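[1] here is a sequence together with a model predicted from it:
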Amino acid sequence: MMCGKLTFITTAGFFLAVTTKNALAFTNNFRVNQTPFSNTVKRSKAIYSTPTGKSVTLDNKPIRGPITPLGNFILVRPKDTLSATEGGILLPDQAQERPTEGEVVCAGPGRIHPQTGKRMTHSVTEGVRVLHAQFTGSPFIYNDEELTMIRDDDVMLYYTGSVQMTIDNVMIVRDYVLVELAAAKLETASGIAIAGGIAREFVPCEGKVMKVGEGRLTSEGTVTKIPLNVGDEVKFKDYSGNEIKIQGRDYCLVKMGDMLCSIEA
């Protein structure tokens with residue numbers, strides 16, 4: 001579908017924007033033609049390259065020029081996958097955790113709200129490191145490098161100036177709240193002791209607010225402030241939130257909508 005000088009192309013589950021001239025070259029790469037295979041290869045080598053002579057590929061197929069995320073899509077370079085336990089035991093590929101942390105390569109300008117037509121901007125920019133929800137995004141190969149395309153709604157926090165998250169450098173986004181989890185209880189209400197291994201399976205759904213996001217984005221593009229303050233004690237729904245570790249301490253990123261109650265500090 002062509003719109004003026006831009007053509008929108010769907011690939012790997014997300015949208016990319018390229019100029020009309022570039023789009024024709026991109027789509028020609030997938031078009032079935034009667035040209036012999038050997039001629040097609042020669043044609044690709046001659047056409048699909050940047051002004052510097054370096055080829056650009058997407059999922060191992062040559063394209064003309066770099067890709068540009070549209071709307072609220074964000075292109076992320078995942079952080080290296082954990083390949084060993086803390087004790088040094090190597091993990092097989094299927095046992096390695098899927099990385100949910102990475103560096104932003106480029107980001108779209110934000111989506112347009114379908115009812116109001118307002119631009120829903122986000123605070124994520126090129127070069128920052130983000131932490132996003134697990135099992136989100138569309139992985140693909142871009143210039144022989146594995147990257148992931150996610151939405152801005154998938155981002156829970158971001159940080160700059162360091163390769164590691166610290167409680168001082170993380171910035172919480174939208175309506176997320178960073179909660180330092182309370183210590184797990186090691187005995188029942190009647191005084192019966194709980195084994196440590198069993199206690200670890202029951203993550204406490206309460207704790208202290210450490211940081212809050214800027215607020216929920218409305219359909220008009222404005223922000224509704226979160227009614228919580230740093231230091232408040234909160235309780236949230238069971239099985240909600242995303243557990244993370246920052247500098248060896250247990251935290252949980254919880255949506256404001258999953259908060260049940262708070263006690264002011």
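    That came in fine, so what should we check first?
[2] phi first, then psi, for D258.
    When read as degrees, to the nearest 10, the backbone of D258 gives phi -100, psi 0.
[3] isn't it up against G241?
    Yes: here D258 reaches G241: they are 6.6 Å apart, a contact under Cβ atoms under 8 Å. The C-beta positions use only the backbone N, C-alpha and C, and glycine is treated the same way.
[4] of these two, who's got more company?
    Using other Cβ atoms under 10 Å, the more surrounded residue of D258 and G241 is G241, with 24 against 16.
[5] residue ranges of the helices in this protein, please?
    With helices called from DSSP state H, the chain shows them at 20-28, 37-47, 196-199.
[6] out of those, which gets the lowest mean score?
    Mean pLDDT per stretch puts helix 37-47 lowest among these, at a mean of 35.
[7] which residue, other than its chain neighbours, is closest to S240?
    Counting by Cβ to Cβ, 6 or more residues apart in numbering, S240 lies nearest to D258, which is 3.9 Å off, once chain neighbours are set aside.
[8] got the contact list for that neighbour?
    For D258, the contact set (Cβ atoms under 8 Å, 6 or more residues apart in numbering) comprises 236-237, 240-241.
[9] what pLDDT does L91 get?
    41.
[10] likewise for A133?
    Per-residue pLDDT puts A133 at 84.
[11] then N169?
    Per the predicted model, pLDDT is 92 at N169.
[12] what about it, neighbour count?
    Neighbours of N169 under the rule other Cβ under 10 Å: 15.
[13] please tell me how far the nearest residue to V105 once chain neighbours are set aside sits from L181.
    Spatially, and ignoring its direct neighbours in sequence, V105 is nearest to L75 (4.4 Å; Cβ to Cβ, 6+ apart). In this structure, L75 and L181 are 32 Å apart, going by Cβ to Cβ, to the nearest Å.
[14] give the contact list for T121.
    For T121, the contact set (Cβ under 8 Å, 6+ apart) comprises 109-110, 221.
[15] so what's I167 up against?
    By Cβ under 8 Å, 6+ apart, the residues touching I167 are 210-211, 246-247, 249.
[16] that one and K211: what is the separation?
    Computed as Cβ to Cβ, the I167 to K211 distance reads 8 Å.
[17] so E243 bridges to which residues?
    Note on E243: beta-bridge partners C252, judged by DSSP bridges.
[18] quick check: it touching Y251?
    Yes: contact status for E243 versus Y251: in contact at 7.4 Å, counting by Cβ under 8 Å.
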